[in-house]
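Asker: give me a model of this one.
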Amino acid sequence: MKRKISALFILSLISMLLLSACGGSGGQGNKKSDTVVIGVYGGDWEKHIKPSIEGFEKDTGLKVKVVSGTDSEWLTKLKASNGQNAPYDLLILQPDSIQRAQSAGLLQPIDQKKVPNIKDLYHSVQKRFTVDGKQYAAGFSMGQLGIAYRKDLVPQEPKRWTDLWNSSYQGHVAVSSPTYSAGLQFFAGLINAQGGLESNKKDVDKAFNSLADLKKNVTAYPDNPGSIQTLLERGDAWVVPFWDGRAYSLEDAGLDVGFAYPEEGAVAALASWAVMKGSPNEDNAYKLLNHLISPDVQRDFSDRTFYGMTNKKVKYSDKLKGKVKVGEAYYSNLKWVDYEIATTKISDWTNRWNQVLGGK
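Answerer: Down below sits the predicted model:
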């Protein structure tokens, strides 16, 4: 009997070892992943980041699955996963989305040992995504909302947010509502320019009173980049709150467009990378993240988009030098939308905006 038991035990042990070597019944076991899933914005954004992703694949042998979409789409699916086996490994997100995702426990604190390039990102940017000493995102493309204008049409070039009220612009100003990101950033910039805060009701009321005075100058209420571009191309709008990279791209395409960083402060419109909690390919996600925030990749993306970047080691090309404002001294003074307040007030602000300006 003892011999039979010993033989059975040995056979069972051998079977277990064989199963373990084969990865068990699931067939995965210790198999190392060769994939990483990344979410990026579609259209031009995806086109501009694609060369850097292809370079990563070539250098590492890893396969990058690119999923184009928007913050709202990605967050909906992430909430459904509840931080387990997330459908994405790495996402590009806006500051408000990062804030919501972090609060919901959907983001992985970045292991800085696995992302050595993160130490070269501007401190004023990274502190925005730091909670209890942990960083939940890595800054990438620093868009800035200021004033785009037709150089050949404006009687005088704008320098301040308050210049939009100039009588010489009557009938030729375009402004977006708070439902569109450019409109919300402009509203925050206006409150800031008047020395106020989004959290102070009196400061918000003062901004809406100013918008009522602006109505006589407004010709259109665009709610997407294409509409703004069309207004500028046709000359229907001479001045419009817009992002620096978009304006410089139009100029590069041949349109006589200039861009002013308002003296009261441009508004940050940052796109950043975040690693998902429950990332199925976490090690690969860190490798890709470190690649994407490197100075060479950021330089390439900047050349393609005309935006400033977040890595202080980026060497900008001649076509951007003297145009795009970058650096710690400048970034540290940017206005940032207070999304904790704005998220709860956006419906009310939009209703008031429609009542004051009559836009839709």
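
Asker: helices of the stretch 1-150 of the chain, residue ranges please.
Answerer: 2-21, 44-60, 71-81, 95-103, 123-126 (DSSP state H, counting those that start in this stretch).

Asker: weakest of the ones you listed by average pLDDT?
Answerer: The weakest mean pLDDT among the helices of the stretch 1-150 of the chain belongs to helix 2-21, with a mean of 44.

Asker: what score does residue 228 have for pLDDT?
Answerer: 97.

Asker: so what's it up against?
Answerer: Going by Cβ atoms under 8 Å, 6 or more residues apart in numbering, residue 228 touches 148, 174, 176, 182, 222, 237, 240, 242, 246. Placement of C-beta: from N, CA and C, glycine included.

Asker: return the closest of those residues with respect to residue 54.
Answerer: residue 246 (24.9 Å; Cβ to Cβ).

Asker: longest strand anywhere in this structure?
Answerer: strand 138-150 (DSSP state E).

Asker: and the end-to-end length of stretch 193-212?
Answerer: 16 Å (Cα to Cα, to the nearest Å).

Asker: ditto for stretch 130-138
Answerer: One end of stretch 130-138 sits 10 Å from the other (Cα to Cα).

Asker: low-confidence regions, the protein specifically.
Answerer: Within the chain, the stretches with pLDDT under 70 are 1-31, 359-360.

Asker: which stretches of it form strands?
Answerer: Counting by DSSP E, the strands of the chain are 35-41, 63-69, 90-93, 130-131, 134-135, 138-150, 173-174, 218-220, 239-243, 257-260, 267-275, 308-309.

Asker: closest one to residue 103 among the ones you listed?
Answerer: strand 130-131 (9.0 Å).

Asker: for residue 213, which non-adjacent residue is closest in space?
Answerer: Nearest non-adjacent residue to residue 213, counting by Cβ to Cβ, 6 or more residues apart in numbering: residue 165, 6.3 Å away.

Asker: I figured that neighbour hits residue 218, correct?
Answerer: No. The pair residue 165 / residue 218 is not scored as a contact, 10.6 Å apart, by Cβ atoms under 8 Å.

Asker: of those two, who's got more company?
Answerer: residue 218 (20 against 16; other Cβ atoms under 10 Å).

Asker: my guess is the more buried one contacts residue 175, does it?
Answerer: Yes. Assessed by Cβ under 8 Å, residue 218 is found in contact with residue 175 at 5.9 Å.

Asker: so what would you say the end-to-end distance of stretch 91-99 is?
Answerer: 14 Å.

Asker: need the contact partners of it.
Answerer: 38-41, 45, 71, 74-75, 101, 107, 128-129, 136-137, 140, 181, 268-274, 276, 336-337, 339-340, 342-343.

Asker: how close does residue 258 get to residue 247?
Answerer: 7 Å (Cβ to Cβ, to the nearest Å).

Asker: give the contact list for the residue nearest to residue 213.
Answerer: 210, 213-214, 217.

Asker: what subset of those is buried?
Answerer: Among the contacts of residue 165, those scoring as buried are 210, 214, 217 (criterion: 16 or more other Cβ atoms under 10 Å).

Asker: not counting sequence-adjacent ones, nearest residue to the second one?
Answerer: So that's residue 214. For residue 214, the spatially nearest residue (Cβ to Cβ, 6+ apart) is residue 165, at 5.7 Å.

Asker: where's the one you found relative to residue 172, distance?
Answerer: Distance from residue 165 to residue 172, by Cβ to Cβ: 12 Å.

Asker: what do the two both touch?
Answerer: In contact with both residue 165 and residue 172: residue 217, using Cβ under 8 Å, 6+ apart.

Asker: so who does the most centrally placed residue in the chain touch?
Answerer: With distances taken as Cα atoms, centre = their mean, residue 271 lies nearest the centre of the chain, 1.9 Å away. Applying Cβ under 8 Å, 6+ apart, we find residue 271 in contact with 41, 92-94, 140-141, 143.

Asker: can I get those residues in CSV with neighbour count?
Answerer: Below are the contacts of residue 271 laid out as CSV (neighbours: other Cβ atoms under 10 Å):
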residue, neighbour count
41, 17
92, 23
93, 26
94, 19
140, 24
141, 22
143, 23
